[in-house]
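# Sequence isn't available, so here's the structure alone:
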DNA sequence: TTGCCATATTCACATATAAGAATATGGTAA
DNA sequence: TTACCATATTCTTATATGTGAATATGGCAA
């Protein structure tokens, strides 16, 4: 069971960077080259390439060589489901925060 | 949109450690004290406490003081759904790997 | 008060991760 | 061959994260 927890931790660490999250989000609509990603995200070529290597290394992305370019895509559409669940948690936290603020405003603190 | 990607990245980073994954898994069945977690996971008191602080700091866990102990629990059950989706991806990767190995065995490499 | 108990925090140090710049690789085109 | 082109890797340096040991905090118990 410790093996699975290590896998999950490594997997989450691969996603633990804003640029990598944005890369994955860009790939929702299909494959893109390193160049295209760099342009859309406004990031250095070497930076994008290294982050792509992290994601590919964890089996999160696939790379397909086509001529002199490489097209990256999500290896498993379940990834997007995962990000959607994360967004749900984000929304929950937001409403939590909102009601906490409302409580404070009405003096019902702690 | 960059704000959400930062939130997601921070959220995933909070989960990006085997011990923290195991902590969250232990909390599936309800709240536990720092001691209980330390015992179940075979980890140092200060180590457990610091990891709990990381998870609480991201709003992933709640802490409830009761007498001289503190009981930790998941702040949002959606968390478990997220971990289950991660397990699904793990299974997909495993079967992918399996068929790759089978292909190699039959000499259909690359 | 004094002494424990559960938890949190700090310390010292080691390892990991990040960035941009520079360079390497490998393939296509002239 | 020579010259690009897209991508990958390496280098240097900075910052973040991890650990166990030690110490601090805050409350209950004698």
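That came through, no problem. On a predicted model such as this, the values are computed, not experimentally measured, just so you know.
# which secondary structure elements does the helix or strand bottoming out on mean pLDDT in chain A contact?
In chain A, the helix or strand scored least confidently by mean pLDDT, DSSP states H and E is helix A:78-105, which has a mean of 85. In terms of contacts (3 or more C-beta pairs under 8 Å, 6 or more residues apart in numbering or on different chains; DSSP states H and E), helix A:78-105 is packed against helix A:18-26, helix B:2-15, helix B:78-105. In this view, the C-beta of every residue, glycine as well, is placed from N, C-alpha and C.
# Chain B contacts on chain A?
Chain A comes close to chain B at residues A:1-2, A:4-13, A:15-22, A:25, A:59, A:75-76, A:78-79, A:81-83, A:85-90, A:92-93, A:96, as judged by C-beta under 8 Å from any C-beta of the partner chain.
# and chain A, what are its domains?
Domain assignment for chain A, taken from automatic domain parsing, gives A:2-75, A:77-110.
# Helix or strand next in line after the helix or strand hosting residue A:39, which one?
In the assignment (DSSP states H and E), residue A:39 maps to helix A:34-41. Sequence order places helix A:45-57 as the next helix or strand after helix A:34-41, per DSSP H and E.
# circling back: how about a markdown table for the helices and strands packed on helix A:78-105, with distance to residue B:33 and mean neighbour count added?
As requested, those are exported to a markdown table (distance: least, C-beta to C-beta, whole Å; neighbours: other C-beta atoms under 10 Å in any protein chain shown):
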| stretch | distance to residue B:33 | mean neighbour count |
| --- | --- | --- |
| helix A:18-26 | 34 | 21 |
| helix B:2-15 | 20 | 18 |
| helix B:78-105 | 19 | 14 |
